[in-house]
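Undergrad: the following comprises the amino acid sequence and a computationally predicted model.
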Amino acid sequence: QLQLVESGGGLVQPGGSLRLSCAASGDTLDGYAIGWFRQAPGKEREGVSCTSSDDSSTYYADSVKGRFAISRDNAKNTVYLQMNSLEPEDTAVYYCAATWGTTVVVTTGDEYDYWGQGTQVTVSS
């Protein structure tokens with residue numbers, strides 16, 4: 001059973017950067033499509049960035065294009081979300097999710113089978 005644990009969240013000033021990590025155990029992430037999602041208080045869950053199982057395709061929400069980057073390190077069994085030029089609107093709990101064996105980008109949260117517990121990102125001066 002794949003287990004995911006996010007880390008790297010925190011409080012950062014507007015314009016700052018954070019790198020979120022999603023460490024996997026119980027299975028290798030190689031072969032899983034990965035997604036990063038976020039949910040702010042009172043708002044619906046939003047897909048932020050996703051990558052296909054072979055990393056041939058990636059997706060970024062319009063609100064984060066050019067600022068966020070998703071990457072995978074199979075040797076460390078970890079996926080990252082580099083977040084630059086953070087804005088107060090990026091404040092949310094960020095979750096990573098995984099689903100097995102699709103070479104297309106999966107942007108719908110309901111299609112993911114495994115979820116981490118989330119990490120809080122707060123952008124404020």
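TA: Ah, there it is.
Undergrad: which non-adjacent residue is nearest residue 102?
TA: residue 33 (4.8 Å; C-beta to C-beta, 6 or more residues apart in numbering). From N, CA and C alone the C-beta is placed, and that goes for glycine too.
Undergrad: which phi and psi does the residue nearest in space to the middle of the chain have?
TA: Central residue of the chain (C-alpha atoms, centre = their mean): residue 36, 2.3 Å from the mean position. Here is the backbone geometry of residue 36 (degrees, to the nearest 10): phi -110, psi 130.
Undergrad: I figured it was touching residue 46, is that so?
TA: No: counting by C-beta atoms under 8 Å, residue 36 stays clear of residue 46, with 9.9 Å between them.
Undergrad: check for me that residue 89 belongs to a strand.
TA: No: under DSSP: H, G, I helix; E, B strand; the rest coil, residue 89 falls outside any strand and is assigned helix.
Undergrad: so how far is residue 86 from the closest residue to it other than its chain neighbours?
TA: In this structure, residue 89 finds its nearest non-sequential neighbour in residue 63, 7.2 Å apart by C-beta to C-beta, 6+ apart. Using C-beta to C-beta, to the nearest Å, one gets 12 Å for the distance from residue 63 to residue 86.
Undergrad: compare these two and say which is more crowded by neighbours.
TA: Taking other C-beta atoms under 10 Å, residue 63 and residue 86 do not tie; residue 86 has more neighbours (22 against 13).
Undergrad: next, that one: secondary structure please.
TA: State at residue 86, reduced to three classes by three-state DSSP: coil.
Undergrad: show me what contacts it?
TA: By C-beta atoms under 8 Å, 6 or more residues apart in numbering, the contact list for residue 86 reads 12, 14-18, 67, 121, 123.
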